[in-house]
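Student: Provided below are the primary sequence and the corresponding predicted coordinates.
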Amino acid sequence: MVAPVTVRIQREDFDLAAEVSALCRGRTNIGAIVTFSGLCRDEAGALGALELEHYPGMAEAEISRICLEAVQRFGLQAATAIHRFGRIEPGQNIVLVVTASPHRQAAFDGANFIMDFLKTSAPFWKKEHRTDGKTGEWVSAKDADDAARDRWSR
Amino acid sequence: MVAPVTVRIQREDFDLAAEVSALCRGRTNIGAIVTFSGLCRDEAGALGALELEHYPGMAEAEISRICLEAVQRFGLQAATAIHRFGRIEPGQNIVLVVTASPHRQAAFDGANFIMDFLKTSAPFWKKEHRTDGKTGEWVSAKDADDAARDRWSR
Amino acid sequence: MSTVNLVYFSWVRERIGKGEETLELPAGVVTIGDLLAHLKTLGAEYESALEHQNVIRAAINQEHVEHAEPIGGAREIALFPPMTGG
Amino acid sequence: MSTVNLVYFSWVRERIGKGEETLELPAGVVTIGDLLAHLKTLGAEYESALEHQNVIRAAINQEHVEHAEPIGGAREIALFPPMTGG
């Protein structure tokens, strides 16, 4: 049996189908698989690229902690999270989360939980490079993301 | 611009990655893609296969209605739903839902909503073929599925 | 009298012993509920299929309807158990 | 005095002008809050980076901590703005 949590922090893109296949391998009683892909938006043409900085070591550790908590809390059969760093252009992938469970709501909740905590706790920071050539600003954290995370402690 | 809702009822398997690519094509401002894959469980080895019966015509119509409502309610950029019929063995795919949105919670909620209504309103019925050779029973509808659907009307 | 195409699915189909049929309905059959009551007079197979009348779901022209729904000029009426897709 | 490795990210790193450094901490520096106050005495670049002290997040040995957390025998302390991954 493969370990239930797979976490990778990488510069390269990921392959959705390959990650789902890897997570299913050796498991015969999966009823539901949810995937979340987070992409770089073009912001109506204003955004040229995002530059993602991360804290090596802690990024893996923190996302692993989040995934393990989701596995335990929702009874997931497996969870995968991959987060990219470096320069990412509109339309390209930033993050992938995959969850597997016998039942659909656990798979949905698990992926949603992982994303909410990843947004607020995983040590990544985004800098914007705009198409008008202006020096990029660091993206600000959103109160809405804190609120999304806090609903899980109810 | 491709029509925002794609619905197919088919005997053949589907290709997760191909469906996600198709849904993204021509859209440059997607921020979040959620996929839900429903698979046939082996029920600890007791289940040999499911036979899925459906109401041709109405199955497409009903799932299209559900997807359109999700698109409007959650502001999705696109939604895809594919439901298989015929004989499906443990580990094989039954249903796929894909949603795209600028923001993650809408994509999660849209896919979750579509699955909850699909479970209770799409005209499909499952018959079990057991590995002990016993004549299959029709799977009973679950109260929990009605409850999952009804939470959306709150 | 009006003519209607009936279609059956899952164990409703199995118990009635056919997947579809065309029936002439007497004038007194106004709603889906009336239709179910009428069908149960047609034989033991219908009685068995529709015994627990409240669990039977119906669709008129491929849209879900309640038992109180008037049949009106329905082209196609479907009867089936609660759905178990997904 | 104790020796600690400090690492900085995002605009904290940019304003301080380096990504990491090793510092000797005076005995009075017990918590993360004490550390922030101490760093602000080291120059304008630290003052600018840590001006809004309450928004600065900290990690000790790669785990998030509050400002009241004692530094203890930390090998590595990280300071950074609120995270914006995902």
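Tutor: It's in.
Student: switch to C-alpha atoms for all contacts and neighbour counts from now on
Tutor: Fine.
Student: could you pull out the strands for chain C?
Tutor: Secondary structure of chain C (DSSP state E): strands at C:2-8, C:20-25, C:57-60, C:63-65, C:76-80.
Student: for A:G91, grab the count of nearby residues.
Tutor: 19 (other C-alpha atoms under 10 Å in any protein chain shown).
Student: and it, how far from chain D?
Tutor: A:G91 sits 14 Å away from chain D, going by C-alpha to the nearest C-alpha, to the nearest Å.
Student: the lowest-mean-pLDDT helix or strand in chain A: how far from the chain's middle?
Tutor: In chain A, no helix or strand scores lower on mean pLDDT, DSSP states H and E than helix A:143-150, which sits at a mean of 93. How far helix A:143-150 lies from its chain's middle: 16 Å, per C-alpha atoms, centre = their mean, to the nearest Å.
Student: got the contact list for that helix?
Tutor: Helix A:143-150 has contacts (C-alpha atoms under 8 Å, 6 or more residues apart in numbering or on different chains) with A:F113, A:D116, A:F117, A:K119, A:T120.
Student: do stretch C:45-56 as well
Tutor: C:11-13, C:15-17, C:36, C:39-41, C:79-82.
Student: ok, and the most crowded of these?
Tutor: C:P81 (25 neighbours).
Student: I figured it hits C:Y8, correct?
Tutor: No: using C-alpha atoms under 8 Å, C:P81 is not in contact with C:Y8, being 9.3 Å away.
Student: the residue in chain C positioned nearest to chain D - how many residues pack around it?
Tutor: In chain C, the residue that lies nearest chain D is C:G86 (29.3 Å; C-alpha to the nearest C-alpha). Residues lying near C:G86 (other C-alpha under 10 Å) number 29.
Student: can you tell me which residues contact it?
Tutor: Contacts of C:G86 by C-alpha under 8 Å, 6+ apart are B:G38, B:H83, B:I94, B:V95, B:M115, B:L118, B:K119, B:F124.
Student: over to A:V71?
Tutor: A:V71 sits next to A:P4, A:Q77, A:A78, A:A79, A:G110 when contact means C-alpha under 8 Å, 6+ apart.
Student: any idea how far the third one lies from A:G31?
Tutor: Remark: distance between A:A78 and A:G31 (C-alpha to C-alpha, to the nearest Å) = 12 Å.
Student: give the residues shared as contacts by these two.
Tutor: Common neighbours of A:A78 and A:G31 (C-alpha under 8 Å, 6+ apart) are A:A100, A:S101.
Student: so, low pLDDT: which residues of the chain?
Tutor: Going with chain A. The model of chain A has pLDDT under 70 over residues A:1-3, A:135, A:154.
Student: I was after chain C.
Tutor: Residues of chain C that meet the cut-off, pLDDT under 70, sit at C:1.
Student: please enumerate the helices of chain A.
Tutor: A:16-24, A:58-74, A:104-121, A:143-150 (DSSP state H).
Student: in JSON lines, list the contacts of helix A:143-150 along with neighbour count and distance to chain B.
Tutor: Converted to JSON lines, the contacts of helix A:143-150 look like this (neighbours: other C-alpha atoms under 10 Å in any protein chain shown; distance: C-alpha to the nearest C-alpha, whole Å):
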{"residue": "A:F113", "neighbour count": "22", "distance to chain B": "11"}
{"residue": "A:D116", "neighbour count": "23", "distance to chain B": "9"}
{"residue": "A:F117", "neighbour count": "22", "distance to chain B": "13"}
{"residue": "A:K119", "neighbour count": "23", "distance to chain B": "11"}
{"residue": "A:T120", "neighbour count": "22", "distance to chain B": "14"}
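Student: who in chain A is up against chain D?
Tutor: Taking C-alpha under 8 Å from any C-alpha of the partner chain as the contact definition, chain A meets chain D at A:38, A:52-55, A:57-58, A:61-62, A:83, A:94-95, A:115, A:118-126, A:138-141.
Student: just the buried residues of the residues you listed.
Tutor: Buried members of these, scored by 16 or more other C-alpha atoms under 10 Å in any protein chain shown, are A:38, A:52-55, A:58, A:61-62, A:83, A:94-95, A:115, A:118-126, A:138-139, A:141.
Student: how about C:R75: what's its closest non-neighbour residue?
Tutor: C:V4 (5.7 Å; C-alpha to C-alpha, 6 or more residues apart in numbering or on different chains).
Student: tell me, how many residues neighbour that neighbour?
Tutor: 17.
Student: next: A:A44.
Tutor: By other C-alpha under 10 Å, neighbour count at A:A44 equals 8.
Student: how about the contacts made by it?
Tutor: B:N29.
Student: from B:I33, how far off is it?
Tutor: Distance from A:A44 to B:I33, by C-alpha to C-alpha: 18 Å.
Student: and A:A32, by the same measure?
Tutor: 16 Å.
Student: next: A:A17.
Tutor: 14 Å.
Student: which one of the two has more residues nearby?
Tutor: Taking neighbours as other C-alpha under 10 Å, A:A17 and B:I33 compare with B:I33 leading, 29 against 15.
Student: what's the neighbour count on A:Q10?
Tutor: When neighbours are defined as other C-alpha under 10 Å, A:Q10 has 13 of them.
Student: excluding chain neighbours, what is closest to it?
Tutor: A:R84 (4.9 Å).
Student: what residues are up against that neighbour?
Tutor: A:I9, A:Q10, A:R11, A:E12, A:D13, A:L52, A:N93, A:I94, A:V95.
Student: surely the first one and A:E60 touch.
Tutor: When you say that, I think you mean A:I9. Yes: using C-alpha under 8 Å, A:I9 makes contact with A:E60 at a distance of 6.5 Å.
Student: what about these two, which has more around it?
Tutor: A:E60 (21 against 17).
Student: in contact with that one, which residues?
Tutor: A:E60 neighbours (C-alpha under 8 Å, 6+ apart): A:V7, A:R8, A:I9.
Student: repeat for C:V29
Tutor: Counting by C-alpha under 8 Å, 6+ apart, C:V29 touches C:L35, C:H38.
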